[in-house]
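In: pasting a predicted model and its sequence here:
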Amino acid sequence: MKIHEYQAKELFKQYGIKVPKSVLCEKKENIEHTIKDFSVPCVIKAQVHSGARGKAGGVKLAQDYQNAIEIANEILGMELVSKQAGAKKVNKILIEQAVDIEKELYLSLTFDRANEAIALILSTQGGMDIEETAKTTPEKIYTELIKDNFNPLETVSKAGFHDNISKQIADIISSLHKLAKEKDALLVEINPLVITKQNEVIALDAKINFDDNALFRHEDILALKDEAEENPFELQAQKEGLNYIKLDGTIGCMVNGAGLAMATMDVIRLAGKNAANFLDVGGGASSEKIEKAFKLLIADKNLEAVFINIFGGILRCDFLAEGVKNAIQNLNIKVPVIVRMEGTNKENGADILNHSGLKFTVIKDLNEAIEVIKNI
C-alpha cells in the first residue's frame, strides 16, 4: 500500500526525522486563506501516488504570495502525467516552507527478498536525476544490507560522508530502520534528503510503501489509504476477494493460479494481442465469485474478448462451466468468450458449455487459443 508524501512526513515526525513546515490544502476556495497564513518563499507540491512529480509540473517554487496562489490554483485539480504512474488527478496539494539547500542527497531502505534483509541505499547525489546518477556514475551510490551488527555511523563514512553532518544522517538512518521494521514497510525513501546552509539535514520528500499482507497488524496505517488513488477495478476486486490487476490490453483473462495467469498473458501476447488484466479467481471459486469476476472484466470498455484458462483441481471444470454459463446469461455478455479447461471433469465442463445455447468457443490447447485470439 502506498501513502501520500504528507502522510509519510507525519510518520517521519513521529520517528524524530526533521521535515519542513507544511500545510495541506484540498479545496481551491481555501487556497488564498491558507497561503496568506503561511510564509514565502514556499513550494507547492501535488499529492498523488507518483514519482517524478517535479518533472511532470507537480512541484513548483513560489517566491511571493501572489505567485503561490497562482501556482496552487494551477496544480490543484490538474491532471498530472508522469512516466511512472500515467495520468493522475491532483485532489490535494502540500504547501511547504522553502529551505536553503546546500546539497541534495538520496536515502532509501528497501526490502531485499533475495537476501531476506533490508537494504540501505545512500548517495551523495539526490534529486530529480537520481536515475541518471545510477546509470552514469553508479560509484556515487552506496548500498549495504542491514545485518545484526549494523552501525549507521560506519555506513555513513563508507558512503563518503566525513563532516559534521554525518551524525545527523546516521540518526535518520536509524529512525528509518526502526520505522520500516515496526510498520512493515517495503520501501522508505527520501529524495532529496537535503543539507541546508545552516547545516541541518532535512527530509524534503517522503515516500513509504507498506506490505499489504501485514496491514492487518497496522490499523493506523490502513486508515491512511486513499481510495481515490486506487484503480477502481482493483479496488472493487479487493472488496470481492479477487486477485485483479488492471492492464492496458483488450483481452480479458480469467484463470485460477498466479503462474497460470502469467502463462496465459504470454499466450495472448504470442497471438499479437495484450492482456486487459490479471485475474486469479483462486482454487475454490464459487459461482457467485465467478459472476463477480465477469462483472469486473466486462466493465472494461476496451475489452474485445474474454479468455478463460482453468486447470481443474479444487475448482472442478464442470463447476466452473456452470458458473461461467450462469454469469454470461445473467450479465448479457456480448464479447466472445474463449474457454480452455484441463483437469477434473473437463469433458463434463465442455459439454455444459457446448450445449448451453450460448456463443462459447471451447478449445483444447493453447496453440488453438493463439489462433482463435489472432482472429478476433
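Out: Arrived safely, thanks for sending.
In: so how many other residues sit close to Asp365?
Out: The criterion is other CB atoms under 10 Å. On that basis, Asp365 has 9 neighbouring residues. Placement of C-beta: from N, CA and C, glycine included.
In: could you chop this structure up by domain?
Out: Domains of the chain are assigned by automatic domain parsing as 1-20+100-230, 21-98, 231-374.
In: same list (those) but as TSV, adding mean pLDDT.
Out: What follows is those, written out as TSV (pLDDT from 0 to 100):
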stretch	mean pLDDT
domain 1-20+100-230	90
domain 21-98	93
domain 231-374	85
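In: which parts of the helix or strand Ala87 falls within are buried?
Out: In this structure, Ala87 sits in strand 86-89 according to DSSP states H and E. Within strand 86-89, the residues that qualify as buried by neighbour count (16 or more other CB atoms under 10 Å) are Lys88.
In: quick check: next helix or strand after the helix or strand harbouring Leu353?
Out: When elements are defined using DSSP H and E, Leu353 is found to belong to helix 346-354. Downstream of helix 346-354, the first helix or strand assigned by DSSP H and E is strand 360-363.
In: show me what that next one is packed up against.
Out: Using 3 or more CB pairs under 8 Å, 6 or more residues apart in numbering; DSSP states H and E, the elements in contact with strand 360-363 are strand 337-343, helix 346-354, helix 366-374.
In: right, so those: which one is the most enclosed?
Out: Among the helices and strands packed on strand 360-363, strand 337-343 has the highest mean neighbour count (mean count of other CB atoms under 10 Å), at a mean of 21.
In: who are the packing partners of it?
Out: Contact partners of strand 337-343 among helices and strands, from 3+ CB pairs under 8 Å, 6+ apart: strand 305-312, helix 317-331, helix 346-354, strand 360-363, helix 366-374.
In: from what I can see Ala321 touches Ala350, true?
Out: Yes. With the criterion set as CB atoms under 8 Å, Ala321 and Ala350 qualify as a contacting pair; they are 7.4 Å apart.
In: now for the two: what residues contact both?
Out: Met341 (CB atoms under 8 Å, 6 or more residues apart in numbering).
In: check which helices and strands the helix holding Leu353 is in contact with.
Out: In terms of contact count using 3+ CB pairs under 8 Å, 6+ apart, helix 346-354 is assigned the packing partners helix 317-331, strand 337-343, strand 360-363.
In: closest to Asn199 out of the ones you listed?
Out: Nearest to Asn199 among the helices and strands packed on helix 346-354 is helix 317-331; the distance by CB to CB comes to 64.4 Å.
In: Leu303 - that's part of a strand, no?
Out: No. When DSSP: H, G, I helix; E, B strand; the rest coil is applied, Leu303 is found to be coil, with no strand at that position.
In: quickly run through the sheet partners of the host helix or strand of Val43, with directions.
Out: When secondary structure is defined using DSSP H and E, the element that contains Val43 is strand 42-46. Partner strands and pairing direction for strand 42-46 (DSSP bridges) are strand 59-62 (antiparallel), strand 93-97 (antiparallel).
In: would you turn the helices and strands packed on strand 337-343 into a markdown table with distance to Phe233?
Out: As requested, the helices and strands packed on strand 337-343 are arranged in a markdown table below (distance: least, CB to CB, whole Å):
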| stretch | distance to Phe233 |
| --- | --- |
| strand 305-312 | 14 |
| helix 317-331 | 16 |
| helix 346-354 | 26 |
| strand 360-363 | 24 |
| helix 366-374 | 21 |
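In: and of these, who's closest to Ala299?
Out: When the helices and strands packed on strand 337-343 are compared by CB to CB, helix 317-331 sits nearest Ala299, at 10.3 Å.
In: so what touches the helix holding Leu353?
Out: With contacts defined as CB under 8 Å, 6+ apart, helix 346-354 is touched by 312, 316-322, 324-325, 339, 341, 360, 362.
In: let's see that with 7 Å instead.
Out: Applying CB atoms under 7 Å, 6 or more residues apart in numbering, the contact partners of helix 346-354 are 312, 317-318, 320-322, 325, 339, 341, 360, 362.
In: now these in JSON lines, with distance to Ala214?
Out: What follows is the contacts of helix 346-354, written out as JSON lines (distance: CB to CB, whole Å):
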{"residue": "Gly312", "distance to Ala214": "33"}
{"residue": "Cys317", "distance to Ala214": "36"}
{"residue": "Asp318", "distance to Ala214": "38"}
{"residue": "Leu320", "distance to Ala214": "32"}
{"residue": "Ala321", "distance to Ala214": "38"}
{"residue": "Glu322", "distance to Ala214": "37"}
{"residue": "Lys325", "distance to Ala214": "39"}
{"residue": "Val339", "distance to Ala214": "37"}
{"residue": "Met341", "distance to Ala214": "36"}
{"residue": "Phe360", "distance to Ala214": "41"}
{"residue": "Val362", "distance to Ala214": "42"}
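In: out of those residues, which two sit at the greatest distance?
Out: Across these, the longest distance by CB to CB is 16.3 Å; it joins Gly312 and Phe360.
In: would you map the strands across the stretch 1-150 of the chain?
Out: Residue ranges of the strands in the stretch 1-150 of the chain, as given by DSSP state E, counting those that start in this stretch, are 22-25, 42-46, 59-62, 79-82, 86-89, 93-97, 101-112, 117-123, 141-145.
In: among those strands, show me which one is buried the most.
Out: strand 42-46 (a mean of 25).
In: which outside residues touch it?
Out: Residues external to strand 42-46 that are found in contact with it (CB under 7 Å, 6+ apart): 5, 53, 58-62, 68, 71-72, 75, 80, 90, 93-98.
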